[in-house]
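*Asks:* build me a structure from this.
(one chain, ligands or ions: 1)
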Amino acid sequence: MKLERGGPIQTFYIGNKKMPVVERGEGVYLYDEEGNKYFDASSGPITCNIGHANPKVLEAIKNQSEKVCFASHAFFENKPNRDLAKNLVTLTGEKYDQAFFVSGGSEAIEASFKLARQYAIVCGQTKKHKIIARAPSYHGSTMGAFSASDDIEMKENFQSLTKIAIKVPAPLSYRVPDNFDVLSYARFCLDELERTIMEEDPEEVLAFILEPVGGLSTGALVAPDFYYKNVREICDKYGVLLIYDEVMSGAGRTGTFLAADHWEGSDPDLVILAKGLCAGYSPLGALLAPNRIVEPVVSSGGFLHGHTYASNPLSCAIANAVLNEVIENNLVENARVVGDYLKEGLENLASQLSIIGDVRGRGLLLAVEVVQDKTTKAIFNTDQRAIYRISEIGIKNGILLYTRKTSRGENGEWLMIAPPLISTTDHLDEFLSKLYETLKDFEKEQEKR
Ligand SMILES: Cc1ncc(COP(=O)(O)O)c(C=O)c1O
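*Replies:* Presented below is the predicted three-dimensional model:
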């Protein structure tokens with residue numbers, strides 16, 4: 001057998017888009033094969049929280065690899081896995097007691113639904129099976145995670161393959177429907193949650209899942225403070241488990257270790273982490289849960305969910321090294337401080353540029369909403385390819401911009417601004433001036449059309 005084949009060969013993941021070929025990463029920068037340098041303005045897909053080629057993490061990879069890379073959880077426990085669980089429950093203020101590790105966000109979302117369902121069964125609440133999620137939302141690409149997500153294009157293509165979860169409106173802060181302001185709309189969304197639970201029958205509603213600080217589907221949406229506490233109260237009132245999807249917002253990104261920590265008295269029953277947990281050095285997702293939920297399930301025969309790579313020793317050792325870096329370098333605090341600085345810088349750009357309609361987010365999970373007309377909030381026509389073109393110009397100007405237009409732009413389109421947590425104000429000044437240049441270049445192109 002030979003590893004040779006003539007002709008062009010592609011991975012179909014990226015489709016036909018032509019992209020630079022990455023060669024190496026260092027700190028907040030990535031370099032392509034031609035030597036071009038790029039500021040990683042979104043940490044990839046909000047993943048590379050501690051930047052690239054961190055020496056301590058590389059050392060941990062080497063050390064663990066030399067010991068053991070894989071030992072099935074069917075035969076062994078492993079120390080990195082135990083240490084990581086301990087580190088996480090400590091960092092989350094001991095609100096959770098146990099962790100379950102898988103390979104990424106979607107898998108961890110699936111695990112949360114299954115744990116919730118098994119818990120209901122062992123508690124004798126066998127009718128509980130309905131999941132309520134928000135629209136818009138994104139919880140992942142596997143069938144269960146996708147069913148809880150809300151995007152028109154995804155739905156059109158895949159809804160016949162799975163049972164779509166029940167949706168309630170997300171408390172949007174920029175495109176608030178007519179006759180509402182931000183606060184009254186958040187109250188309406190809470191009423192809709194309660195009404196939906198009652199309509200679906202509380203005895204059948206298992207869980208409500210939300211992204212506490214939004215990701216791609218809402219462009220870093222943050223609800224008014226009272227929303228979070230009221231959600232918790234509604235869930236308690238009807239015996240519905242509350243799940244926070246912190247795949248993007250967790251692990252320090254928003255200026256607290258869990259985004260949930262921003263809102264006292266709103267703690268969810270289950271939390272999901274992924275992306276920043278291993279910071280791109282290895283695939284990893286985690287489900288955090290309290291003993292009161294895990295113990296009854298375990299003692300009734302065990303959790304019926306597993307993946308070959310669950311509790312992988314190498315990934316867990318890497319996550320421990322990432323967490324050490326986060327703690328030793330005060331990166332959660334840095335996310336809060338430089339996040340405020342960056343947000344102010346973006347708001348300053350918004351005051352100078354007609355195409356920035358909104359700046360939102362928390363810590364270093366921010367988004368810039370792009371509009372054609374600030375007054376009407378109209379988005380650019382499809383043929384103007386606004387965010388795609390901005391991203392292309394950004395690449396030429398040395399900044400990597402992660403963009404999203406969900407539901408064909410029905411909810412708007414934005415640039416996710418989420419650089420690594422190691423970013424300094426100098427990095428951010430340089431980035432802001434390149435972003436200004438990029439958006440100006442785009443504006444000039446539009447004038448010429
Ligand atoms: C909020 C949120 N949940 C879940 C997922 C799915 O995670 P993964 O891509 O690791 O499966 C993502 C991915 O972008 C996400 O942003």
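*Asks:* which single residue of this structure ends up nearest the ligand?
*Replies:* Across the chain, no residue is closer to the ligand than G105, which sits at 2.2 Å (Cβ to the nearest ligand atom). (Each C-beta comes from the backbone N, C-alpha and C, glycine too.)
*Asks:* which ones are touching that residue?
*Replies:* H139, G140, A145, D245, V247, I272, A274, K275, G285 (Cβ atoms under 8 Å, 6 or more residues apart in numbering).
*Asks:* tell me the pLDDT of it.
*Replies:* We have a pLDDT of 98 for G105.
*Asks:* how about the CA coordinates for the lengthiest helix in the chain, as PDB?
*Replies:* In the chain, assigned by DSSP state H, the helix with the most residues is helix 425-448. Taking Å, rounded to 0.1, in the frame of the first residue of the first chain, the C-alpha atoms of helix 425-448 are listed here in PDB:
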ATOM      1  CA  THR A 425      -3.800  46.700  25.000                       C
ATOM      2  CA  ASP A 426      -1.000  47.100  22.500                       C
ATOM      3  CA  HIS A 427      -2.200  44.100  20.500                       C
ATOM      4  CA  LEU A 428      -5.700  45.500  20.600                       C
ATOM      5  CA  ASP A 429      -4.700  49.000  19.500                       C
ATOM      6  CA  GLU A 430      -2.900  47.500  16.500                       C
ATOM      7  CA  PHE A 431      -6.000  45.300  15.800                       C
ATOM      8  CA  LEU A 432      -8.400  48.300  16.100                       C
ATOM      9  CA  SER A 433      -6.500  50.300  13.600                       C
ATOM     10  CA  LYS A 434      -6.400  47.400  11.200                       C
ATOM     11  CA  LEU A 435     -10.100  46.800  11.600                       C
ATOM     12  CA  TYR A 436     -10.800  50.500  10.900                       C
ATOM     13  CA  GLU A 437      -8.600  50.200   7.800                       C
ATOM     14  CA  THR A 438     -10.500  47.100   6.700                       C
ATOM     15  CA  LEU A 439     -14.000  48.500   7.200                       C
ATOM     16  CA  LYS A 440     -12.900  51.800   5.500                       C
ATOM     17  CA  ASP A 441     -11.600  49.700   2.500                       C
ATOM     18  CA  PHE A 442     -14.900  47.900   2.400                       C
ATOM     19  CA  GLU A 443     -16.900  51.200   2.500                       C
ATOM     20  CA  LYS A 444     -14.800  52.600  -0.400                       C
ATOM     21  CA  GLU A 445     -15.500  49.400  -2.400                       C
ATOM     22  CA  GLN A 446     -19.200  49.900  -1.900                       C
ATOM     23  CA  GLU A 447     -19.000  53.600  -3.000                       C
ATOM     24  CA  LYS A 448     -17.500  52.500  -6.300                       C
END
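*Asks:* please spell out which residues along it are buried.
*Replies:* Residues H427, L428, F431, L432, K434, L435, Y436, E437, T438, L439, D441, F442 are the ones in helix 425-448 that count as buried (16 or more other Cβ atoms under 10 Å).
*Asks:* for stretch 60-79, measure first residue to last.
*Replies:* Terminal residues of stretch 60-79 are spaced 13 Å apart (Cα to Cα, to the nearest Å).
*Asks:* can you check stretch 138-148 too?
*Replies:* With Cα to Cα, one end of stretch 138-148 sits 7 Å from the other.
*Asks:* what do you get for stretch 43-59?
*Replies:* 21 Å.
*Asks:* show the average pLDDT along that stretch.
*Replies:* Mean predicted lDDT for stretch 43-59 stands at 98.
*Asks:* run the chain-centre distance for it.
*Replies:* Offset of stretch 43-59 from its chain centre (Cα atoms, centre = their mean, to the nearest Å): 16 Å.
*Asks:* so which bits of it are buried?
*Replies:* Neighbour count says stretch 43-59 has S43, G44, P45, I46, T47, C48, N49, I50, G51, H52, N54, V57 buried, by 16+ other Cβ under 10 Å.
*Asks:* up against the ligand, what does the stretch 51-200 of the chain have?
*Replies:* Proximity of the stretch 51-200 of the chain to the ligand (Cβ under 6 Å from any ligand atom) is limited to residues G104, G105, S106, I109, Y138, H139, G140.
*Asks:* can you give me the helices in the stretch 101-250 of the chain?
*Replies:* 105-122, 143-147, 152-158, 182-200, 225-238 (DSSP state H, counting those that start in this stretch).
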